[in-house]
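Novice: Task: produce atomic coordinates for the following.
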Amino acid sequence: MRLKDIVLCFAISLFTEVKLNAQCSPPWTDHCKDAHILCSPSELHGYCCSHIKYSNPSGCDPLCPSGGKSINTSWWAFKSLGGSVMIHIEVNNCSINGMGIQMGLWADCSCNESVICRSECKSSGMVSITADLDPCKDYYFFVNGCNGDICDICILIEEEREDIFPPPSLNGPQNVCLGTNAQIYYLVSEYPCVDSYEWFLNGDNLFQDADSVGIHFVDVGDFVLCGTGFHYSNSRSICYQIGPVCKNILVSKQADVNHGETICFETAGNYKPRANCFWAQNGRLICRGEDSAACIVDTNIFFIVLSPAVPPEIYYLAAFPGEFYKDTLTGLTFRGCQFETEIHLPKSAGILQCDSSYVLNMFSPDYTANLRNYGFLGSYYLEARLIDRTQTCGNSGYSETIQFKWYRKADPQKKTLDTNEIIKVFGHDTFCVDIFIHIKFGNTSRDYAYTFCQKNTKGPKIIGPEIPPTDTMLGRLNSNILKQELENEMSFPSKNKNTINIIPNPNQSGNKFSVIASKSIGEMFIYDLNAKLVWSGNAHQEKSLDLFLDSNLAPGVYIMMANCNKKLIFERFVVQP
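Specialist: Alright, predicted model coming up:
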C-alpha cells in the first residue's frame with residue numbers, strides 16, 4: 001500500500017507564530033562528518049530555526065556541481081528507508097544581504113556523490129528538492145547562506161514509501177530430535193535497515209547478532225525461542241524494532257532400543273565399548289546413534305556370553321621317539337610325552353573369532369626284545385621276550401595287539417615258522433622274529449614293526465644243562481606246546497615206572513601226598529590235563545617226603561613233574577572225589 005506523508009502545516013503563519021531560536025532540535029552541525037544521523041528524513045519535518053550565523057565554509061568546493069561557494073553551511077543527516085522524498089524549505093527574514101539560501105543533498109561527505117543540489121539563491125517563499133533514495137543508506141543535507149546571508153527556515157518533509165509490511169516470522173523446525181545437528185532458525189521480515197538482532201532461548205540471551213541462529217539442543221523438553229530485529233541511529237537510539245517473534249520448540253528423543261550382543265567368554269570381563277557407546281549409571285551399556293532423520297537413538301545392549309568350549313582331546317602316537325607334533329594354527333611344536341597338555345588357539349572359533357583350545361595326549365611307543373634259549377622236555381625253544389620301554393607320563397586307555405612271525409634269517413622268502421611268542425627250533429641256525437604291534441590310543445591307532453635275530457645254540461650240541469621251566473616261563477610258553485608234551489608223557493607212563501611214586505594220604509583230602517623217588521628230587525611241579533600249573537615246590541634233594549599243599553586239589557587227573565638229578569620225570573596220579 002502506498003502512503004504519503006502530507007504536509008500538515010504549510011502556511012506562512014507558522015513562521016509568524018513560532019518564535020525562532022538560534023539553535024533548534026534536531027540541531028545542525030558544522031561539518032558533514034559530525035552530523036547526527038536521524039532515523040528517517042521525516043524527523044526533519046516541522047524543523048523551524050535560523051541556520052548558522054557565523055562563518056563556516058564546511059561545504060563542498062564548489063558548493064554544488066553547478067557552482068556556488070560555502071560560507072556558513074549547516075549540516076543534517078538521516079538514514080533513508082527508501083522511496084521518494086521531497087524536502088521543502090520556507091525561507092523568510094533574510095537579514096544580512098537579502099540574497100537567501102542554497103541547499104542540497106549528498107550521499108557522502110567526500111563530495112563524490114551528489115544526489116540533488118540547488119546552487120541558485122532563494123530569499124523568500126518556498127524552495128524544494130525531490131530525490132529517489134536508496135533504502136538503508138545515509139544521506140547528508142545542507143543549507144548555506146548566499147554570501148553569508150542569514151535567514152529563518154522551516155523544513156517540511158514529504159515522503160512516499162511502503163510503510164506497511166507483512167508481519168515478521170520465525171522460520172525453523174518446531175519438532176526437533178535430541179542430538180541432531182544444530183537447527184537453524186531465521187527471523188524473516190521485509191522491514192528494511194535492520195542493523196542488529198537479539199535471540200533469547202527460554203529467556204536466556206544467546207548473544208547472536210544475525211538474522212539467523214543455530215541451536216544444538218542437548219536436552220529434551222519444551223523451549224521458547226524469540227528473535228528481535230533493531231534499526232538504530234548512529235547514536236544507537238532505536239529507530240524501530242521488529243518483534244520479538246517467538247516460536248515454541250519441542251525437543252524429544254526416539255524410544256530406546258534393546259539389542260542383544262553375543263560376545264566370547266574371554267572378553268566378557270574386559271569388554272571395550274565402541275566409540276559411540278558408554279556405560280550408564282545403572283551398569284548397562286548404551287550405544288548412541290542416529291536414524292535416517294539424524295535423530296538420536298539409544299540402544300540398550302544386553303550381552304549373550306558364549307560359554308567356553310569344552311576342549312576336545314587329540315590323541316597322537318609318535319612314529320619314533322624323536323618325532324614331534326606340530327599345531328598347524330600356531331606353529332607350536334610338542335615333543336616327547338604330553339598328558340592333557342592344553343593348547344590355546346586365540347581368536348580361532350566361529351564367526352566371532354573366540355578363543356578355543358584342545359588337549360593333546362601324546363607319547364612315543366618304545367619297544368625292544370630279548371631272545372632267549374630254553375631247553376624243556378628234551379626240546380629246544382627260542383623265546384621273544386618283548387620289553388616295553390614306553391614313557392606314557394600318565395596317559396592310559398591305550399591297548400596293544402602283538403603279532404609274531406618267526407623265520408630263518410637265511411630264507412629269502414621269510415617263510416613263517418611260527419606266530420607265537422615261543423618257537424620250537426631244531427639244529428644250529430639263526431632265527432629272526434618280526435614283531436608287529438598295533439596300538440590303539442583314544443581315537444587314533446598306529447602300527448609299529450621290529451625285527452630281532454638270534455642264533456640257536458641248542459640241538460645236538462647242547463652247551464650246559466637244560467633250563468627247567470619256572471612258573472614265569474611256563475606262563476609264557478605256548479599252552480598248546482606244553483599240553484602236547486604232557487600228553488606225550490602220559491601216553492608212555494612206563495618210561496617213568498618205579499622212578500617216582502605218589503601215594504595220596506588215606507583221608508583223600510587232595511592236599512596231602514607221600515612222594516617216593518629212586519633219585520634225589522629237586523624242583524617239583526603239578527599240572528592239570530590242560531597243562532596249567534597248579535602247584536610248585538622244592539624237595540631239596542630228598543628221595544621221599546610228604547607234600548602238604550596250601551589248598552585241596554579238585555578231583556581229577558594230574559601230572560607230577562620232578563627234576564631228579566637234572567632230569568625231568570613224570571608221574572600221573574588221581575585225586576578221588
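
Novice: chain center to stretch 297-312, what's the gap?
Specialist: 13 Å (C-alpha atoms, centre = their mean, to the nearest Å).

Novice: what's it in contact with?
Specialist: Outside of stretch 297-312, the residues within contact range by C-beta atoms under 8 Å, 6 or more residues apart in numbering are 253-254, 256-266, 268, 271, 277, 284-291, 342, 349, 352, 354, 356-359. Placement of C-beta: from N, CA and C, glycine included.

Novice: Now the buried members of these.
Specialist: The neighbour-count criterion (16 or more other C-beta atoms under 10 Å) marks 253-254, 264, 266, 285-287, 349, 354, 356-359 among the contacts of stretch 297-312 as buried.

Novice: Of the contacts of stretch 297-312, which belong to strands?
Specialist: Within the contacts of stretch 297-312, membership in strands is found for 257-263, 277, 285-290, 342, 349, 354, 356-359, as judged by DSSP state E.

Novice: Quickly note the distance from the spatially closest residue to Asn565 that is not a sequence neighbour to Lys567.
Specialist: The spatial neighbour of Asn565 that comes closest, neighbours along the chain excluded (C-beta to C-beta, 6 or more residues apart in numbering), is Lys519 at 5.0 Å. In this structure, Lys519 lies at 8 Å from Lys567, with C-beta to C-beta, to the nearest Å as the measure.

Novice: what's the answer for Pro192, then?
Specialist: When C-beta to C-beta is applied, the distance between Pro192 and Lys567 equals 148 Å.

Novice: do the same with Asp327
Specialist: Distance check for Asp327 against Lys567: by C-beta to C-beta, it reads 65 Å.

Novice: Over to Leu250?
Specialist: Computed as C-beta to C-beta, the Leu250 to Lys567 distance reads 122 Å.

Novice: model confidence over stretch 346-366, on average?
Specialist: On average, the pLDDT along stretch 346-366 is 85.

Novice: which residues in the stretch 151-300 of the chain form helices?
Specialist: Counting by DSSP state H, counting those that start in this stretch, the stretch 151-300 of the chain has no helices at all.

Novice: what about it, any weak spots by pLDDT?
Specialist: The model of the stretch 151-300 of the chain has pLDDT under 70 over residues 162-164, 234-236, 293.

Novice: Quick one: the strands in it, in order.
Specialist: Read by DSSP state E, counting those that start in this stretch, the stretch 151-300 of the chain holds these strands, from start to end of the chain: 152-161, 169-171, 175-177, 183-188, 196-201, 204-205, 212-215, 221-232, 238-252, 257-263, 277-279, 285-290, 296-305.

Novice: mind listing what the fourth one pairs with, with the direction of each?
Specialist: When sheet partners are counted by DSSP bridges, strand 183-188 sits next to strand 169-171 (antiparallel), strand 212-215 (antiparallel).

Novice: contacting residues for the closest residue to Leu187 other than its chain neighbours?
Specialist: What sits nearest to Leu187 in space, not counting adjacent residues and going by C-beta to C-beta, 6+ apart, is Gly227, at 4.0 Å. The neighbours of Gly227, taking C-beta under 8 Å, 6+ apart as the test, are 170, 185, 187, 197-199, 213, 243-246.

Novice: make it 10 Å
Specialist: Residues touching Gly227, when contacts are defined by C-beta atoms under 10 Å, 6 or more residues apart in numbering, comprise 168-170, 172, 185-189, 197-200, 206, 208, 210-213, 242-247.

Novice: cool, Trp75 as well?
Specialist: Applying C-beta under 10 Å, 6+ apart to Trp75 gives the contacts 28-36, 52, 56, 58-59, 106, 109, 140-144.

Novice: Try it again at 6 Å.
Specialist: The contact partners of Trp75, taken as C-beta atoms under 6 Å, 6 or more residues apart in numbering, are 28-29, 32, 35, 142.

Novice: Now do the strands in the stretch 1-150 of the chain.
Specialist: 3-4, 37-38, 47-50, 73-92, 101-106, 114-122, 125-145.

Novice: For these, give me a markdown table that also has distance to Ser544 and mean pLDDT.
Specialist: Formatted as a markdown table, the entries for these read as follows, by distance: least, C-beta to C-beta, whole Å; pLDDT from 0 to 100:
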| stretch | distance to Ser544 | mean pLDDT |
| --- | --- | --- |
| strand 3-4 | 165 | 39 |
| strand 37-38 | 160 | 88 |
| strand 47-50 | 173 | 90 |
| strand 73-92 | 158 | 92 |
| strand 101-106 | 167 | 96 |
| strand 114-122 | 168 | 94 |
| strand 125-145 | 154 | 93 |
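
Novice: Tell me which of those is the most buried.
Specialist: By mean neighbour count, with neighbours taken as mean count of other C-beta atoms under 10 Å, strand 101-106 ranks first of those at a mean of 25.

Novice: Just the C-alphas of it, formatted as CSV.
Specialist: Extracted as CSV, the C-alpha positions of strand 101-106 are listed here (Å, rounded to 0.1, in the frame of the first residue of the first chain):
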residue,chain,number,x,y,z
ILE,A,101,19.9,30.4,1.0
GLN,A,102,21.2,27.4,-1.1
MET,A,103,20.6,23.8,-0.3
GLY,A,104,21.5,20.3,-1.4
LEU,A,105,21.7,16.5,-0.6
TRP,A,106,24.8,14.4,-0.8
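
Novice: quick one: strands adjacent to it?
Specialist: Strand 101-106 has these strand partners (DSSP bridges): strand 114-122 (antiparallel), strand 125-145 (antiparallel).

Novice: Redo these as CSV? Include distance to Tyr380.
Specialist: CSV is the format used below for the strands paired with strand 101-106 (distance: least, C-beta to C-beta, whole Å):
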stretch, distance to Tyr380
strand 114-122, 149
strand 125-145, 136
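
Novice: Point out the one among those strands that comes closest to Met86.
Specialist: For the strands paired with strand 101-106, distance to Met86 was read as C-beta to C-beta. The smallest value, 4.6 Å, belongs to strand 125-145.

Novice: Tell me what angle the closest one forms with strand 221-232.
Specialist: Angle between the axes of strand 125-145 and strand 221-232 is 90 degrees (criterion: axes from the mean of the first three to the mean of the last three C-alpha atoms, to 10 degrees).

Novice: Quick one: distance of strand 125-145 to the chain centre.
Specialist: Centroid separation for strand 125-145 versus its chain: 75 Å, with C-alpha atoms, centre = their mean.

Novice: Pull out the CA atoms of that strand and give them to me as PDB.
Specialist: Output in PDB follows, covering the C-alpha atoms of strand 125-145 (Å, rounded to 0.1, in the frame of the first residue of the first chain):
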ATOM      1  CA  GLY A 125       9.000  31.800  -0.200                       C
ATOM      2  CA  MET A 126       9.200  28.000  -0.800                       C
ATOM      3  CA  VAL A 127      12.200  26.200  -2.300                       C
ATOM      4  CA  SER A 128      12.000  22.400  -2.800                       C
ATOM      5  CA  ILE A 129      14.200  19.400  -3.900                       C
ATOM      6  CA  THR A 130      13.000  15.900  -4.800                       C
ATOM      7  CA  ALA A 131      15.000  12.700  -4.900                       C
ATOM      8  CA  ASP A 132      14.600   8.900  -5.100                       C
ATOM      9  CA  LEU A 133      16.600   7.400  -2.200                       C
ATOM     10  CA  ASP A 134      18.100   4.000  -1.700                       C
ATOM     11  CA  PRO A 135      16.900   2.100   1.300                       C
ATOM     12  CA  CYS A 136      19.200   1.900   4.300                       C
ATOM     13  CA  LYS A 137      21.600   4.400   3.100                       C
ATOM     14  CA  ASP A 138      22.900   7.500   4.900                       C
ATOM     15  CA  TYR A 139      22.300  10.900   3.300                       C
ATOM     16  CA  TYR A 140      23.700  14.400   4.200                       C
ATOM     17  CA  PHE A 141      21.500  17.600   3.800                       C
ATOM     18  CA  PHE A 142      22.900  21.100   4.000                       C
ATOM     19  CA  VAL A 143      21.700  24.700   4.000                       C
ATOM     20  CA  ASN A 144      24.100  27.500   3.100                       C
ATOM     21  CA  GLY A 145      23.600  31.400   3.300                       C
END
